[in-house]
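Asks: here's a sequence, model it:
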Amino acid sequence: PPHSKTPAVMAAVSPYPQRRTERKENERKLLEDRAEVEALRDSVKATNHVSSNITTTLSDMDRRLGILEHGVVPVHRSTQRLNRVLANLTKSVAAMEKIVHYLDYPAIEEKVIMEPPTEESMTSYLASLDRLQEAMEFWQASKLSRCKERQVTKLRQLRRAGLLEIVSLFRKTLNTWSVSIEIKDLLKQDSKEAPLPPEDVVENWKNLLNIIKQLRDDSPVGDFQSVWSEARARYLQQSLGKASMNMDRKQPKMPRPRSNRNLLVPQGSGSPSSSMSSLKTTRSMEKSLNASNNTAASGNADPEANPLTFTEYCMWMVRFFKSEKVLIKSVFPTGQDWSQAFNDTISPVLDSFLESGQDMLQKVQTTMEKNSYFSADVFVVYEVFENLVTSKKEIESFAEGGTQGAVRTKTEGISDLISQFLGTCVKGCSGFLNDVRSSKNVQDTLASDGTVYALTSDVVNFLRRLLQIPESIDQILTGALSSEKTATNRLVAVDGEPSPSMRVFYTESLNALVVSLEAKASQYKNPPLEGIFMLNNYQYIMRSFEFSRPEVDGAFSFADVVGDEFIETTKKALKKQQDVYQSSLRPLIALLMDVTVIQEGKIRASLSAKEKENIKDKFKAFNEKFEELFRTQSSYVIADPDLRKTVRDDVKKVIVPMYTRFWEKYHNTDFSRNPSKYVRYDKQAVEKMIDRLFEGKDI
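Replies: This is a model prediction of the structure:
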């Protein structure tokens with residue numbers, strides 16, 4: 001059978017030779033695999049043998065390690081105990097060193113703290129204070145009760161001493177830059193603000209206060225607010241000084257008419273002035289009024305001899321308060337309440353302000369009780385009231401936000417002071433009007449030269465000065481007229497025009513002045529002098545109208561207030577007085593009436609003895625009366641050059657033509673053998689003599 005054949009036979013007879021090749025290859029691989037397996041079996045046996053040996057070795061090592069551990073563990077535990085003891089000893093030594101270190105702090109830092117700090121040493125000084133704070137915190141946390149309190153107290157005292165030194169440095173620098181300022185220098189510079197310290201100084205103050213605030217505890221040692229208010233209050237008081245009741249130094253200038261040096265024009269102080277040496281009454285009045293104002297006008301640098309006027313005091317007080325508020329807000333630390341320190345700073349100044357106001361009121365009221373309402377010392381109360389009214393809101397604003405009521409109480413006191421000033425002003429205007437009507441303010445004796453009456457200049461100056469208080473004039477005059485029978489409510493107030501109260505008060509005052517002038521003029525018992533007196537006074541009033549301007553007098557000019565109707569009335573009165581004066585020349589003119597004898601339509605060449613005597617008498621009488629007129633009226637005064645020229649021209653128009661005609665007809669006739677005895681003046685001589693009239697010169 002086929003399966004019983006040998007492989008060689010089968011291969012020889014096999015139809016598939018490729019298969020026989022594959023089989024041989026597989027058999028070869030099988031033999032190789034069997035060889036590898038045998039090799040692996042031998043390797044495993046060797047490995048097992050090694051592993052057995054290693055296990056035995058490791059077991060032996062484990063046994064030996066157990067023996068070693070049993071011997072090392074007690075030593076390790078002893079070492080740990082020793083390390084803990086060493087750490088405790090190290091900590092103890094460090095703590096002891098720290099305690100000794102902090103025990104030495106007071107002695108070490110005292111040398112630094114007791115040395116006053118400077119700006120250069122401030123950094124090291126603050127570092128020393130920080131170390132003291134560190135030591136104090138250490139002792140406060142310490143449990144060493146036996147020395148804890150003693151050390152804390154010592155450190156706290158030393159730290160407060162350092163704080164005091166810093167406060168002293170702040171006080172020193174504050175006082176250095178809180179030196180009083182000369183207000184007169186600010187006035188010369190026309191400054192509108194109170195000066196502030198330089199920016200670097202302000203920054204230095206700010207830094208010091210921040211340091212003090214950080215170092216300060218609850219004790220009053222670092223109370224920098226009191227230091228600030230004390231120094232700055234002294235600065236304000238010394239700078240402002242004490243208010244005076246003098247008039248303002250810088251008086252408003254009243255313009256003089258062109259080429260009119262001799263006209264008495266109202267001056268700002270309320271006193272008339274003249275360049276003519278003969279105006280004795282006017283000069284004496286000016287001297288007496290200026291005596292009360294000599295302190296403010298002297299320009300003395302001594303603040304005690306030349307204090308601020310009350311108006312200046314009020315104005316500069318507000319300016320200084322504004323600057324002080326800006327300064328304290330910029331210097332005090334953020335979050336620090338500055339209002340109390342500011343209140344304490346300005347409070348003494350407000351006290352002085354209220355005290356000066358009360359003193360002024362008392363003096364003015366005493367003067368008013370003597371029926372003296374024209375004094376410069378009295379009129380200052382009106383200016384002060386005006387200034388108080390305009391400054392009231394600003395002054396009251398400084399009390400806002402205050403933690404205490406002291407300043408607010410003082411500002412309420414200012415409101416009361418304003419009310420008192422208003423009452424005094426009302427009383428002053430009422431008294432003024434009554435004085436004008438009764439002429440009690442001046443002596444009854446009139447100037448012999450017919451110059452401007454003192455009452456006229458007083459009244460005009462008073463009324464013009466009232467125009468310089470536009471904010472309060474209506475309130476004052478309304479109160480002054482409340483007791484008058486004049487009904488101001490009949491007049492209608494018009495925006496941009498003087499109030500009814502102003503119109504009524506001014507016209508009433510001027511009408512009363514005219515009545516008083518007429519009464520005074522009659523005391524001369526001399527018609528020409530009466531006429532000159534009234535001319536001077538009317539011209540003075542008219543000049544006041546003409547040269548009054550709102551930019552000089554105030555919101556309105558003098559002319560605006562009195563109105564066109566009153567001005568026209570005054571012009572007519574002036575013209576009437578010129579006519580009155582000319583009428584006094586009629587007796588002189590009558591002497592020059594023509595005595596020519598006309599015969600058959602021709603001037604008779606020969607004169608009779610009676611006619612000659614008549615001509616002689618006329619020349620003689622004219623000479624006597626004209627010389628008397630020249631002698632007396634040369635001593636009269638017409639201060640206004642325009643009016644003086646007008647009156648002279650009027651005299652010339654009346655006398656010169658009549659005398660010229662009389663002289664031309666008779667000076668060459670045979671009315672006398674010695675004509676020069678009677679004919680003393682020609683036309684030119686008469687004109688020259690008339691041009692010398694009214695100059696206040698005694699002939």
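Asks: tell me the pLDDT at Arg549?
Replies: Looking at Arg549, its pLDDT stands at 74.
Asks: hey, where'd the helices end up in the stretch 251-400 of the chain?
Replies: Secondary structure of the stretch 251-400 of the chain (DSSP state H, counting those that start in this stretch): helices at 280-291, 294-297, 310-331, 339-369, 376-397.
Asks: which one, of the ones you listed, ends up nearest to Glu628?
Replies: Closest to Glu628 of those, according to C-beta to C-beta: helix 280-291, at 23.2 Å. (Each C-beta comes from the backbone N, C-alpha and C, glycine too.)
Asks: low-confidence ranges in this structure?
Replies: 1-16, 217-222, 242-307, 371, 399-408, 439-444, 483-496, 551-554, 594-606, 698-699 (pLDDT under 70).
Asks: longest helix anywhere in it?
Replies: Criterion DSSP state H: the longest helix present in the chain is helix 17-113.
Asks: so the helix or strand following that helix versus helix 17-113, what angle?
Replies: Sequence order places helix 122-141 as the next helix or strand after helix 17-113, per DSSP states H and E. Angle of helix 122-141 versus helix 17-113, following axes from the mean of the first three to the mean of the last three C-alpha atoms, to 10 degrees, is 100 degrees.
Asks: returning to that earlier point: what about the helices of the stretch 251-400 of the chain, which gets the closest to Phe224?
Replies: helix 339-369 (8.4 Å).
Asks: what's the closest one packed up against?
Replies: Packing partners of helix 339-369 (3 or more C-beta pairs under 8 Å, 6 or more residues apart in numbering; DSSP states H and E): helix 224-240, helix 310-331, helix 376-397, helix 406-438.
Asks: what sits closest to Lys571 if chain neighbours are left out?
Replies: Distances taken as C-beta to C-beta, 6 or more residues apart in numbering put Met542 closest to Lys571, at 6.9 Å, once the chain neighbours are dropped.
Asks: hang on, the one you found packs against Thr569?
Replies: No: if you go by C-beta atoms under 8 Å, Met542 and Thr569 don't touch, sitting 11.0 Å apart.
Asks: next up, the contacts around the residue nearest to Lys571.
Replies: Listed by C-beta atoms under 8 Å, 6 or more residues apart in numbering, the contact partners of Met542 are 567, 570-571, 574.
Asks: would you mind measuring from it to Ser501?
Replies: Distance, Met542 to Ser501, using C-beta to C-beta, to the nearest Å: 24 Å.
Asks: which outside residues touch stretch 615-628?
Replies: Stretch 615-628 is contacted from outside by 587-588, 591-592, 595, 607, 655, 659, 662, 666, 669, 671-672, 678-681, 686, 689, using C-beta under 8 Å, 6+ apart.
Asks: out of these, which are inside helices?
Replies: Using DSSP H, the contacts of stretch 615-628 in helices are 587-588, 655, 659, 662, 666, 686, 689.
Asks: give me the number of residues near Arg81?
Replies: By other C-beta atoms under 10 Å, 10 other residues sit near Arg81.
Asks: residues in contact with Val686?
Replies: Contacts for Val686 (C-beta under 8 Å, 6+ apart) come out as 626, 655-656, 659.
Asks: among those residues, who's most crowded?
Replies: Tyr659 (23 neighbours).
Asks: isn't that one up against Leu592?
Replies: Yes: counting by C-beta under 8 Å, Tyr659 does reach Leu592; the two are 5.7 Å apart.
Asks: burial of Glu355, as a residue count?
Replies: By other C-beta under 10 Å, the residues close to Glu355 number 12.
Asks: from Leu187, how far out is it?
Replies: Distance of Glu355 to Leu187, computed by C-beta to C-beta: 23 Å.
Asks: just Ala341 next, same as before
Replies: Computed as C-beta to C-beta, the Ala341 to Leu187 distance reads 29 Å.
Asks: looking at the two, which one has more neighbours?
Replies: Ala341 (22 against 14).
Asks: pretty sure the more buried one contacts Pro333?
Replies: No: at 11.8 Å, Ala341 does not count as touching Pro333 under the criterion of C-beta under 8 Å.
Asks: look up which helix or strand Asn207 falls in, please.
Replies: Per DSSP H and E: Asn207 is located in helix 199-215.
Asks: compute the inter-axis angle for that helix and helix 224-240.
Replies: 150 degrees.
Asks: quick one: helix 199-215 to chain centroid distance?
Replies: Here the centre of helix 199-215 is set off from its chain's centre by 28 Å, with C-alpha atoms, centre = their mean, to the nearest Å.
Asks: buried ones in it, by neighbour count?
Replies: By neighbour count, with 16 or more other C-beta atoms under 10 Å as the criterion, the buried positions of helix 199-215 are 204-205, 208-209, 211-212, 215.
Asks: okay, those residues in JSON lines with distance to Lys616 next?
Replies: Below are the buried residues of helix 199-215 laid out as JSON lines (distance: C-beta to C-beta, whole Å):
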{"residue": "Asn204", "distance to Lys616": "102"}
{"residue": "Trp205", "distance to Lys616": "101"}
{"residue": "Leu208", "distance to Lys616": "106"}
{"residue": "Leu209", "distance to Lys616": "105"}
{"residue": "Ile211", "distance to Lys616": "111"}
{"residue": "Ile212", "distance to Lys616": "109"}
{"residue": "Leu215", "distance to Lys616": "115"}
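Asks: may I ask which two of those residues are separated the most?
Replies: Asn204 and Leu215 (16.7 Å).
Asks: looking at this, Ser178 is in a helix?
Replies: No: counting by DSSP: H, G, I helix; E, B strand; the rest coil, Ser178 falls outside a helix, being coil.
Asks: quickly note the distance from the closest residue to it other than its chain neighbours to Phe332.
Replies: Nearest non-adjacent residue to Ser178, counting by C-beta to C-beta, 6+ apart: Tyr235, 4.0 Å away. The gap separating Tyr235 from Phe332 is 17 Å, by C-beta to C-beta.
Asks: how about Thr57?
Replies: From Thr57 over to Phe332 the distance is 88 Å, taken as C-beta to C-beta.
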